[in-house]
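1. everything below, folded, please.
(chains A and B)
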Protein chains: 2
Amino acid sequence: MGLIVQKFGGSSVADADRVRNVARIITETYRRGHRVVVVLSAQGDTTDDLIAKAAEINPHASKREMDMLLSTGEQISCALCAMAIEAMGYPVVSLTGRQAGIQTNSSYGDARISRIQTERIQNELDKRSIVIVTGFQGVNRTGDITTLGRGGSDTSAVALAASLHADLCQIYTDVDGVYTADPRLVPKARKLEEITYDEMLELATLGAQVLHNRSVEMAKRYNVNLEVLSSFSGNPGTKVKEVVKTMEKSYISGVAKDKDIARLALVGLEDEPGIAFRIFSLLAKEKVNVDIILQSIGRENKKDISFTVAKGDLENATRVLTENRDYIGFDHIDINDNIAKVSIVGAGMIHNPGVAAGMFEALFNAGINIHMISTSEIKVSVLVDLADADHAVRVTHDRFFGGNDLY
Amino acid sequence: MGLIVQKFGGSSVADADRVRNVARIITETYRRGHRVVVVLSAQGDTTDDLIAKAAEINPHASKREMDMLLSTGEQISCALCAMAIEAMGYPVVSLTGRQAGIQTNSSYGDARISRIQTERIQNELDKRSIVIVTGFQGVNRTGDITTLGRGGSDTSAVALAASLHADLCQIYTDVDGVYTADPRLVPKARKLEEITYDEMLELATLGAQVLHNRSVEMAKRYNVNLEVLSSFSGNPGTKVKEVVKTMEKSYISGVAKDKDIARLALVGLEDEPGIAFRIFSLLAKEKVNVDIILQSIGRENKKDISFTVAKGDLENATRVLTENRDYIGFDHIDINDNIAKVSIVGAGMIHNPGVAAGMFEALFNAGINIHMISTSEIKVSVLVDLADADHAVRVTHDRFFGGNDLY
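-> Presented below is the predicted three-dimensional model:
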C-alpha cells in the first residue's frame, strides 16, 4: 500500500465511455489500498478546438489569454472524471492547478514548475479521497494561470510524484509501453520490461513519443519510479528507473528514427579559433536547438562545420547565419532536409565496442549510405537519406534483436 | 469619465462575430475615457452542452464538481473576448472569479457572494487596462469554485458595480430594454425610459425576463444605477433606479404574465389558529416558494386556503401536504395547473385607487373570469385561465396604455 500518481492522456479520456474506463482503473488501484492522485489531460481534441476558436478571433492572441483559455480543457476532463468516480461510489475531489498548489514561473505557454505546495492534496488524501488534478497547468506569483507547454501533463504528474514522494508514477497512454522500435514499422519489435532514464531520454522519439523528455529528466533528477502503460489493454507496461536488471539479452534497448531533421553545412570556414563559438552562440540566441555537430579536419586553412536542426528551425537558422556571413566568415551554406536520423540506444553499449560497428555493418549490407555519424556513451546515431530511413530501422533492429526464429 | 461595469449575456458572445461586436462596444466606452469592467456569461449553449456531458457520465453528480465543470464556460468567453480586444489594440486582462476576488459561501450551484476583494481589479484599472471578469462564479473559503445559480452573471455585475462604486452598471442583453408588456404578445407595447427598482422586481417576469430579481434586489440595496440595453441594436435602453422622473403619463409601468404557476387549495380546514403556520412551514422546509396566498372567510368552523407555486414545485408540494394531512387536518386538496397570473405593476398606483378597478373592468369587458386576486402597494395580480392569459395581457395593456391612436 503506497501512494500512486496516475496520469491519463487526452485519448484516454476522449469520451464518456473512456472517462468511465479511466475511473475504473483509478478505483481499482484505490480498492487495493493505495492512495491515488490522478493527473488528466484535456479530452481528445478539446485543446485543438480551443486553439481554433482563439485563432478565429485573434491569431496573435497574448500567451496569457491563451493559457486562460486552454486551461479550461483539463478542468473539464477532471470534473467529468470526478463525476464518474462519484457515480461508482468512491470519495473524490478534483483540483485545478492552483488548488493543487502548482506554482510556476510566468513563461505563459511554456511555464516551468517552481514548487508544489501539497497541503491541500495531503489533506484530501488524509480524508481518503481520490484526488484528480488538472495536468498541464499551474499559477504564477500573481495568481494568473500558466500552462506548461508540450508534454506538460506528463511533467505535472512527475512533479506531483516527486513532491508527494509517491511510490510510483504511472503514465497511461494509448501504447502498451516502450518498444525496441516503432511497432508500426517493425512488426517484430518487442516491448521492454524496463529501461533506464538515460535510455528513455535518448529514445524519446521512438514509437509514439510515449513520454516527453522534460518529464523523464525530472523523474531522473528526483528518482521517481515511472511506468508507461496503456489505459486500454490492461497489460503491464515498461518501467523507467535509474538502474535496470541486466537480464536483457541485447546490449541495446531500442532503435529510434527521427524524420523531423535538416542538415546545414557551412563550407569554407577559416581554420582559426572561435569559429564554432561564433556560429553556435548566434544560433543559441535565436533559440535554435542544434543536435549533431560535425567538424571536418582542416585542410589548406579551410574547414567545414555541419550540424542538424529540427526542420521547423531550418529557415530561422539559415537566415541568421546568412545575415552574419561576414562575421563568421564562410563561403556558402549547404542545406539537406531530405534526411533522417536513425539511432540505437542502450546503456549496455558502453562496454561493448562492437555495437556501433554492428550497426554500420547492417546498413552496409543493406546498401544504405551513411552521411554523418555521431556517438555518445549510450547512443549511436547516423544520418541517412529520408528514403532509406524505414529500411535502416528494420535492418538495424534485425541485427540486434535477431531474426524470425528468435521471436 | 467614470467607472462603468458592462455585462453581456450568453447570446451576446455566442460566436466570434458577436464577441467582436461586444469588444467594439467595450472599447468605444473605453475610448470615451471611462474605466471599464466587463462581466461575461458563457457563450450561447456552452453551459447546456457541459450539463449534457455531465449527465451522460453521472446524472447525480455532486454540485461541487458541477461548479468545477460549468465555471469553464465563462473562463472561455472571457479569454476570447480579451483576445478580441487585444486584436483591436487596447490593454486588457481577463480574470476568473477567484482572480477578481469574488468570495462566496459554499452553497455550490447556488452560492451567495459574501465579499469582493477588489485590489486586483483596482490595480488593473490603475494600469488603464480593460478588465474582463467571469460572471456567475466565485470561490469559497477553501478556494473551491462555486457558481451563483440562475441570473448569476447579472448578480456578479451588480456586486462588482457596488464594490467598485461604479457610476453605472449596464446589462446588455438581446432585448432593447424593459417594455410595458411582452412586445411579442402586445405589438403596441412601448419601451420604458426609466423604472424603479421595486417596479422592476415586480415586473421580473415581464417580456424576456431581462433582469434576474436577485441582481435588482442587490442594485436597490447598494443603490447601483442599472441600465438594461441591447448589444445588437445600439439603442438607448431602460434605466433602473431608486426614483424616476414622474413624466410617465400612466400610473402603471407594465403588464406582466406568468404561466409557470399552479394553484393548490386545501379544502375543509378547521377554523383554528396555527393552521397557516403548519402548512407554510412544512412547505418552507421543502424549499417550495409560495406566491399568492388566499384564505377564505370561515363558515361553520371550516375554511379553505389557496396558494400558488411554480409548476416545478407542484408535485413536491402536493406530496408533503398529503403526507401531513392528519397533522394539518384538511378534507382534500384541489389542484389547478391550467392557470396563469397576469399583473400590473406601477409605483403610481399607490395614490390612485382606481387602478385595480380599471384592470378588473377591462377583464370583465373582455369576458375573462378572475379566479383569485392579490394586491400589493405597487402591484395587482389576478389568476385567470391559461387560455385567457394572452388576451388578458392585451386588454389590460390597452386599458392603461391607450388605443391605437395614441401610439
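
2. helices along the stretch 101-250 of chain A, start to end?
-> Counting by DSSP state H, counting those that start in this stretch, the stretch 101-250 of chain A forms helices over residues A:119-126, A:152-163, A:197-202, A:213-222, given from the N-terminal end onward.

3. dump those helices into JSON lines; add distance to chain B, mean neighbour count and mean pLDDT as well.
-> Heads up, the C-betas are built off the backbone N, CA and C, glycines and all. Rendered in JSON lines, the data for those read as follows (distance: least, CB to the nearest CB, whole Å; neighbours: other CB atoms under 10 Å in any protein chain shown; pLDDT from 0 to 100):
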{"stretch": "helix A:119-126", "distance to chain B": "8", "mean neighbour count": "16", "mean pLDDT": "97"}
{"stretch": "helix A:152-163", "distance to chain B": "17", "mean neighbour count": "27", "mean pLDDT": "95"}
{"stretch": "helix A:197-202", "distance to chain B": "34", "mean neighbour count": "23", "mean pLDDT": "85"}
{"stretch": "helix A:213-222", "distance to chain B": "25", "mean neighbour count": "20", "mean pLDDT": "89"}
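
4. is it possible to export the ones you listed to TSV including distance to A:Val290?
-> Converted to TSV, those look like this (distance: least, CB to CB, whole Å):
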stretch	distance to A:Val290
helix A:119-126	40
helix A:152-163	23
helix A:197-202	17
helix A:213-222	16
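
5. point out the one among those helices that comes closest to A:Leu69.
-> helix A:152-163 (14.8 Å; CB to CB).

6. can you check which helix is longest in chain A?
-> The longest helix of chain A (DSSP state H) is helix A:63-87.

7. what lines up beside the next helix or strand along the chain from that helix in the sheet?
-> Later in the chain than helix A:63-87, the nearest helix or strand by DSSP states H and E is strand A:92-95. Looking at strand A:92-95 with DSSP bridges, its partner strands are strand A:130-134 (parallel).

8. helix A:119-126 and the partner strand, what's the angle between them?
-> Using axes from the mean of the first three to the mean of the last three CA atoms, to 10 degrees, the interaxial angle of strand A:130-134 with respect to helix A:119-126 works out to 150 degrees.

9. between the longest helix of chain A and helix A:152-163, how many degrees?
-> Counting by the same axes, to 10 degrees, helix A:63-87 points 70 degrees away from the direction of helix A:152-163.

10. mind checking which of the helices of the stretch 101-250 of chain A is nearest B:Thr238?
-> Comparing these by their distance to B:Thr238 (CB to CB), the top pick is helix A:119-126, with 45.7 Å.

11. packing partners for that closest one?
-> Judged by 3 or more CB pairs under 8 Å, 6 or more residues apart in numbering or on different chains; DSSP states H and E, helix A:119-126 is in contact with strand A:35-40, strand A:92-95, strand A:130-134.

12. can you list contacts of that helix?
-> If you take CB atoms under 8 Å, 6 or more residues apart in numbering or on different chains as the criterion, helix A:119-126 is touched by A:3, A:35, A:37, A:93, A:95, A:99-101, A:131, A:133, A:160, A:164, B:143.

13. stretch A:346-362 too?
-> Outside of stretch A:346-362, the residues within contact range by CB under 8 Å, 6+ apart are A:196, A:198-199, A:244, A:246, A:248, A:250-254, A:344, A:370, A:373, A:375, A:377-380, A:382, A:395-396, A:398-400.

14. ok, 7 Å please
-> A:196, A:198-199, A:251-253, A:344, A:370, A:375, A:377-378, A:380, A:395-396, A:399-400 (CB atoms under 7 Å, 6 or more residues apart in numbering or on different chains).

15. one more: stretch A:74-84?
-> Applying CB under 7 Å, 6+ apart, the contact partners of stretch A:74-84 are A:13, A:19-20, A:22-23, A:40-43, A:46, A:92-94, A:96, A:132, A:134-137, B:53-54, B:57-58, B:61, B:65, B:68-69, B:72.

16. any idea how far it is from the chain center?
-> Mean-position distance between stretch A:74-84 and its chain equals 25 Å (CA atoms, centre = their mean, to the nearest Å).

17. ok, for A:Val178, nearest residue in space, not its chain neighbours?
-> Taking CB to CB, 6 or more residues apart in numbering or on different chains as the measure, A:Val178 lies nearest to A:Thr238, with 4.1 Å between them; neighbours along the chain are not counted.

18. contact partners for A:Ile145?
-> Contacts for A:Ile145 were tallied using CB under 7 Å, 6+ apart; they are A:67-68, A:71, A:137, A:139.

19. now these as TSV including distance to chain B, pLDDT and neighbour count?
-> As requested, the contacts of A:Ile145 are arranged in TSV below (distance: CB to the nearest CB, whole Å; pLDDT from 0 to 100; neighbours: other CB atoms under 10 Å in any protein chain shown):
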residue	distance to chain B	pLDDT	neighbour count
A:Asp67	8	97	26
A:Met68	4	98	30
A:Ser71	8	97	28
A:Gln137	12	97	28
A:Val139	9	97	24
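
20. tell me which two of the residues you listed sit farthest apart.
-> Once CB to CB is applied, these give A:Met68 and A:Val139 as the farthest pair, at 11.1 Å.

21. could you list the buried residues of stretch A:7-21?
-> When burial is assessed from 16 or more other CB atoms under 10 Å in any protein chain shown, stretch A:7-21 yields the following buried residues: A:7-14, A:16, A:18-21.

22. scratch that, stretch A:181-198
-> For stretch A:181-198, burial by neighbour count (16+ other CB under 10 Å) applies to A:181-183, A:185-186, A:188-192, A:194-198.

23. dump it to CSV, restricted to CA.
-> What follows is stretch A:181-198 as a C-alpha-only set of coordinates in CSV (Å, rounded to 0.1, in the frame of the first residue of the first chain):
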residue,chain,number,x,y,z
ALA,A,181,11.4,0.1,-32.3
ASP,A,182,8.2,1.6,-33.6
PRO,A,183,5.8,-1.5,-33.8
ARG,A,184,4.0,0.0,-36.8
LEU,A,185,7.3,0.0,-38.7
VAL,A,186,9.0,-3.1,-37.3
PRO,A,187,6.3,-5.8,-36.5
LYS,A,188,8.9,-7.8,-34.6
ALA,A,189,9.6,-5.0,-32.2
ARG,A,190,9.1,-6.1,-28.6
LYS,A,191,8.1,-4.3,-25.5
LEU,A,192,10.8,-3.6,-22.9
GLU,A,193,10.1,-4.5,-19.4
GLU,A,194,12.4,-2.0,-18.0
ILE,A,195,14.6,0.9,-19.3
THR,A,196,16.9,3.4,-17.7
TYR,A,197,16.1,7.2,-17.5
ASP,A,198,19.0,7.9,-19.8
